[in-house]
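# show me the folded form of this:
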Amino acid sequence: MIRRATVLLLLLAMAASACSGGGTAATRAASGGPPTATTLPPSGTVRLPDGITYTVAAPGQTLALDNLSLRIENLRWTRHVQVPAVPPGTSIYAVFTVTLTNTGDADATLGPTQVWVRNDGNRPFLAAGRAGVPRQLVGAKLAPGRPVRGRLVYPLPGKITGGLLVYGFGELPATAKHVGIARYD
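Residues are numbered from 1 along each chain as shown. Next comes the predicted model:
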């Protein structure tokens, strides 16, 4: 009888540990939200110690936030793009072709601080508004549900690796609770 009770307890303990999700680099938040982590994953959604939820899209994948989606279609590096003012230290421009969709239910405008390029060291760079490229997206008005393909231009001190740091429509960088990172190759 003792042997059966021991086997039964062992089976119950194994079943309980299997249901707990086991050990991973990220742990599930107590509120049932995204897992918590200390670094960004290659893709997926996590909450970092700063309390912000990050959704990361791998290269070639579509980033989906609450009211917008963004997919990087192409990245071209060039030495010159006509911009109203060249920031000091600029030696190259990253020209992203993206497809952006307003997934909300009201018209929205892509603001100048809505999509940044962010290097692997977490330094953000602002897009050049009024850059001399066809289909410039900064300032573009987007109707709900209609994908728009266009370009975002970033003056940079050199080629960088990282991703586009994206805020949803109506979000401000200082107060956003959910942001996205669209990685590029």
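# quick one: contacts for residue 33?
Shown in contact with residue 33 (CB atoms under 8 Å, 6 or more residues apart in numbering): 47, 53. For every residue, glycine as well, the C-beta is placed using N, CA and C.
# how far away is it from residue 59?
26 Å (CB to CB, to the nearest Å).
# check which helix or strand residue 180 maps to.
strand 178-183 (DSSP states H and E).
# how about residue 56?
Here residue 56 is assigned to strand 53-57, by DSSP H and E.
# so what touches that strand?
Defining contact as CB under 8 Å, 6+ apart, one finds that strand 53-57 is touched by 33-34, 40-48, 63-65, 70-71, 163, 177-183.
# so which residues of the chain form strands?
According to DSSP state E, the chain carries its strands in the segments 27-28, 35-36, 44-47, 53-57, 62-64, 68-78, 92-102, 108-109, 115-119, 124-125, 141-142, 147-156, 162-167, 178-183.
# by contact count, what packs against the second one?
Taking 3 or more CB pairs under 8 Å, 6 or more residues apart in numbering; DSSP states H and E as contact, the helices and strands that strand 35-36 lies on are strand 27-28, strand 44-47.
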